[in-house]
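Student: Here is a sequence with its predicted model. Questions after.
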Amino acid sequence: MATPKVVSPGLHPQLVKLLEADTYQYSKGRPHPLSYYYLSRTAVRSIASLKTLCFLSFLVIIAWTFLSRRSPYSNAAWEKAVLQSSQRQEGGQMTVLVTGAAGFVGSHVSLALKKRGDGVVGLDNFNDYYPVELKRARASNLEQAGIFIVEGDLNDQNLLMKLFKLVHFTHILHLAAQAGVRYAVKNPLAYVHSNVGGFVTLLEQCKNSQPQPAIVYASSSSVYGLNSKVPFSEDDRTDHPASLYAATKKADEVLAHTYNHIYGLSITALRFFTVYGPWGRPDMAYFSFTRNIVEGKPITIFQGPHGEELARDFTFIDDIVKGCVASLDTALPSTGSGGKKHKKAQFRIYNLGNTQPVKVGDFVSILEKHLKKKAIRNIIPMPSTGDVMFTHANVTRAKHDLGYNPSTDLSTGLHIFVKWYKSYYKEGAGHEDMLKGYKPY
Ligand SMILES: O=C(O)[C@H]1O[C@H](OP(=O)(O)OP(=O)(O)OC[C@H]2O[C@@H](n3ccc(=O)[nH]c3=O)[C@H](O)[C@@H]2O)[C@H](O)[C@@H](O)[C@H]1O
């Protein structure tokens, strides 16, 4: 092939040299090292490589930022905080993992355990079932007491593995759950995820631990469902749940039995009866009714099919805390290792109620007295969202085994709650905005 002629009159000699060199590629089949073609290709390639490098660096920075936010548990500071929180102080006998530590019951029991010297590590996913700011505020109380809350989900096997590798927990107080009876109609899978999936993930981790911890966990009065024998005793039938929430709590009880039977895990189920008190749950009636009465808004009171009033065995938080602590103190060690049970392990179920059911209308009257304000009562037929007509605990077994003795009557307990509510949500305290726009299901 003939070499193309480069005509270059009047051009700068350096440019002529380059243009001539550019023809080199035609004759030799490859670009001359001085050609435009070669130089421009090289420049383009360098720019492209630089671009790729910049893009990759950008990806790395994004991934690092994302992972470091999603997995705060991968750094040394996190491990130090967990270890510090797990340290026992003088008088402490156990090292407890409290799941749901930023929750209502979890935060109270964590503080009680820490106060007497036990090592306490919290775990909570800070979900937004009700305003998260309240959970953050509880968590900040715990932080001040030296309790670190790991932020993560129970279903995260890697997180649990890492946590159990770092700390030898003697006890697990498992209170994390998707709570609320009526919301289960709206979001059933949230209950399956937390109450069934999360519980099994935790049991799996405990079963594999060496040595295995003893487990105390929250069941619910709702497992009695349509049971009509009063008061409710632990041996009564619990196979007629009225809500999906209750069904998942019943599932927990049978799952717990299986792990106790096969793997020797020591397990105690506590059936809580409508727990109320300071730092409580905004989705529950005592809280939302208080808010509405204070704000002059109507409250909705459910009625049975023949106009009957519903009744609950409302139980004050301090009594529940005592029941939880006594259950941990009396829990025997698990008996398994290497995925096998070596002898029969402890399996217990207790009612933790107040033993004095109160009709919802009377409970509202007590609230009115403490709030010094009348409620606007809107009475409607009970919607078919899983409520039961009444609950009433027989606590003979808990009394005998745990020394459980509920001592706060509803009026005293609501007085304490109202005092807390008024100081926490007082105008200007900055907390009132937390509840704005929130409406319990
Ligand atoms: O012991 C339990 O196992 C459960 O207790 C709690 O459920 P409940 O007993 O339903 O409490 P809560 O909502 O305070 O309603 C109280 C009463 O007010 C009635 N109620 C409620 C709302 C309303 O708008 N109107 C009304 O009449 C209502 O019908 C009821 O009669 C926990 O939420 C739950 O997580 C679980 O732990």
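Tutor: Noted; the coordinates are in hand. Keep in mind it's a predicted model, so treat the numbers as computed, not measured.

Student: for residue 393, phi and psi?
Tutor: The phi and psi values for residue 393, taken as degrees, to the nearest 10, are phi -90, psi 140.

Student: let me fix that: residue 220
Tutor: Dihedral pair for residue 220: phi -160, psi 150, per degrees, to the nearest 10.

Student: Can you tell me which residues in the stretch 1-150 of the chain are near the ligand?
Tutor: By Cβ under 6 Å from any ligand atom, no residue of the stretch 1-150 of the chain approaches the ligand. All C-beta spots, glycine's among them, are computed from the backbone N, C-alpha and C.

Student: now the helices: where do they sit in the stretch 1-150 of the chain?
Tutor: Ranges of helices within the stretch 1-150 of the chain are 13-28, 36-70, 76-86, 104-115, 132-144, based on DSSP state H, counting those that start in this stretch.

Student: Considering these, which stretch scores lowest in mean pLDDT?
Tutor: Per-stretch mean pLDDT for these is lowest at helix 13-28 (a mean of 51).

Student: Show me where the stretch 251-400 of the chain has its strands.
Tutor: In the stretch 251-400 of the chain, the strands defined using DSSP state E, counting those that start in this stretch lie at 267-272, 275-276, 298-303, 311-312, 315-316, 336-337, 340-341, 347-352, 358-359, 376-381.

Student: Could you dump those strands into JSON lines with mean neighbour count and distance to residue 217 added?
Tutor: Formatted as JSON lines, the strands of the stretch 251-400 of the chain follow (neighbours: other Cβ atoms under 10 Å; distance: least, Cβ to Cβ, whole Å):
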{"stretch": "strand 267-272", "mean neighbour count": "25", "distance to residue 217": "6"}
{"stretch": "strand 275-276", "mean neighbour count": "26", "distance to residue 217": "15"}
{"stretch": "strand 298-303", "mean neighbour count": "16", "distance to residue 217": "29"}
{"stretch": "strand 311-312", "mean neighbour count": "22", "distance to residue 217": "22"}
{"stretch": "strand 315-316", "mean neighbour count": "26", "distance to residue 217": "17"}
{"stretch": "strand 336-337", "mean neighbour count": "20", "distance to residue 217": "17"}
{"stretch": "strand 340-341", "mean neighbour count": "15", "distance to residue 217": "19"}
{"stretch": "strand 347-352", "mean neighbour count": "23", "distance to residue 217": "11"}
{"stretch": "strand 358-359", "mean neighbour count": "18", "distance to residue 217": "27"}
{"stretch": "strand 376-381", "mean neighbour count": "11", "distance to residue 217": "35"}
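
Student: Please read off the pLDDT at the residue in the stretch 51-200 of the chain positioned nearest to the ligand from the model.
Tutor: When scored by Cβ to the nearest ligand atom, the stretch 51-200 of the chain has residue 179 as its residue closest to the ligand, at 3.9 Å. As predicted, residue 179 sits at a pLDDT of 98.

Student: what about the nearest residue to it once chain neighbours are set aside, how many neighbours?
Tutor: Nearest in space to residue 179, with sequence neighbours left out and distances taken as Cβ to Cβ, 6 or more residues apart in numbering, is residue 281 at 6.8 Å. Residue 281: 21 surrounding residues under other Cβ atoms under 10 Å.
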